[in-house]
Each structure stands twice: as structure tokens, then as C-alpha cells.
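In: Turn this into a structure:
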Amino acid sequence: MSAVAISVWTEPLAESNCYIIYEHKERHGNEVAPCVVIDPNDPAGPLSVLEQKGLRPEWILLTHEHCDHTAGLEPMRERFPDAQVMASEQCNVGMQNARLNMSRMMEVYLTFFGKSGVSYTPFVCRPADKTYSEACTLDWREHTFRFVPLPGHTAGSVGIFLDDDIFFSGDYLLPGREVILRLPGGSEKDYHEITEPFLATLPVGIHIYPGHGKDYRLAMPVDSCEGLIPV
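Out: Model prediction:
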């Protein structure tokens, strides 16, 4: 199995992360290498990383429907029309709705977090190419992505494993932040009954790539972390 490299683009407004995964192989000349993109969060930033590194997305994966994780989806689709988009069924519904994807209220949301005076245009995304409602896998090259629906933050939130030793957590397990459940589509009931117990099963040492903040290795069981406290 070839080792993977992971590049990150952090969007400056909401400080969300877009991850670009590619096989760490030497390339020659102007060869364009395949990759997977998780959460295209900005219309320009992730595309600049792809161009700089000579990468072409085969799959675009979403951890959830919020605009700060999907604002670059349609520009990326336009640039790479052969890329396939995969999302949970509820994420697919939410990203087609300006209220559920938060773009309609993003100016107010940013003001609440101290970024006033920002102009944010509401948008919706086209439907995903592949959707799922239960845990499933996607084989890519020599690697396997595993998707687990984790509702609570949004109805369409999921966690994405890569080869079982990497976990893209979306807006859960954010360093120094609590879990937000009060936004449109959020559910404290689903979080406590479904997502919280699952997160508690994550093994110590797994590499976490969160939707906001720096990546880290889980140093203790999740149910011992303050990050499980919802707001």
C-alpha cells in the first residue's frame, strides 16, 4: 500500500479545513496525479493547491452540508467535471438548501464570532453523484475510505475513516471547542444517542483531521475529553 500525503487549505473566514489526499509517489514531468478532496471549503483556495501540486480530484467527499465546508464544491466541479461527489443522503438534501447549509445566515454567524461587516452570498449546490444512508466504504487506489453517519451537529454529518488509522471528524472533536448542536438541522438527541457513543469507541492514537483546527493524535478516550460537551 502506498503512503498518502495530506495537504490542507484553511478558509480564512470560518477557519474550516479542506483536505486533499494523494498517494506520496514521485511524479515526472507534467504528470497530473489523482487525489481525493474532503470538504472543498473555498472557491479558490483548494483549486490553487491542486494546481500547485499537479493534482486532479477523482472523488470529492463531504463531512456535512454547511457552507464553510462546501463553498468551493461547484467551482471544483466546474474545473474537474469528471470528479464524483459523495455525501450522505441528509447532507445531499441540506447542501441544496440555503438555510440548512447555513449560507443564508452566514453573515450573522460570522458577526457572532467577531467577524462583522462580511458580505456572504447565499448559495446551493447541485446533488451529489453518490449518496448513502448507512455506513459504507469507498475503495480508492490502494486505500479504503469508510463513512459513518454521525448526526447531531447537522442531520447529514458523517465521520470519514481512511485506512482505519486516520479519521476526518468534520465538526466533531475540534481542538478546544465544544460541539455545536443548535444550528439548523442539529439534534441533541441524535448526538447523545448515536454520535457520542460512537466517538467514544475511537482508539487512542488514531490521527484526527478535524473540520477546524490542527490535526492531532487522540491522546485519551474521547469520553474523557471536554470536547464532547454540546452547546
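In: Following element in sequence after the helix or strand encompassing G159, please.
Out: G159 is located in strand 158-162, with elements delineated by DSSP states H and E. Along the chain past strand 158-162, the next helix or strand (assigned with DSSP H and E) turns out to be strand 166-170.
In: quick one: that following strand to strand 158-162, angle?
Out: Using axes from the mean of the first three to the mean of the last three Cα atoms, to 10 degrees, one finds that strand 166-170 and strand 158-162 are set 160 degrees apart in direction.
In: I'd like to check what contacts strand 166-170. Which residues are they?
Out: If you take Cβ atoms under 8 Å, 6 or more residues apart in numbering as the criterion, strand 166-170 is touched by 6, 19, 38-39, 63-64, 69, 150, 153, 157-162, 202, 206-211. No exception for glycine: its C-beta is placed from N, CA and C like everyone else's.
In: Quick one: distance of the helix or strand following that strand to the chain centre.
Out: Following the chain from strand 166-170 toward its C-terminal end, the next helix or strand by DSSP H and E is helix 188-190. Between the centre of helix 188-190 and the centre of its chain there are 20 Å (Cα atoms, centre = their mean, to the nearest Å).
In: How about stretch 165-175?
Out: Centroid separation for stretch 165-175 versus its chain: 9 Å, with Cα atoms, centre = their mean.
In: Need the buried ones from the contacts of strand 166-170 selected in ChimeraX.
Out: The buried residues among the contacts of strand 166-170 can be selected in ChimeraX (16 or more other Cβ atoms under 10 Å) with this line:
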select :6,19,38,39,63,64,69,150,153,157,158,159,160,161,162,202,206,208,209,210,211
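In: Out of the contacts of strand 166-170, which sit inside strands?
Out: Restricting those to those inside strands, with DSSP state E as the criterion, leaves 6, 19, 38, 158-162, 207-210.
In: State whether E107 is indeed within a strand.
Out: No - assessed with DSSP: H, G, I helix; E, B strand; the rest coil, E107 is helix; it does not lie in a strand.
In: any idea how far V49 is from it?
Out: 27 Å (Cβ to Cβ, to the nearest Å).
In: Surely H24 is in contact with S2?
Out: Yes - distance between H24 and S2: 6.7 Å, which falls inside the contact criterion (Cβ atoms under 8 Å).
In: Tell me where the protein is predicted with low confidence.
Out: Flagging of the chain using pLDDT under 70 yields the residue ranges 1, 25-30, 224-231.
In: what's the neighbour count on the residue lying closest to L47 once chain neighbours are set aside?
Out: Distance criterion Cβ to Cβ, 6 or more residues apart in numbering; nearest residue to L47, sequence neighbours excluded, is R79 at 6.0 Å. Each residue near R79 was counted by other Cβ atoms under 10 Å, and the total is 15.
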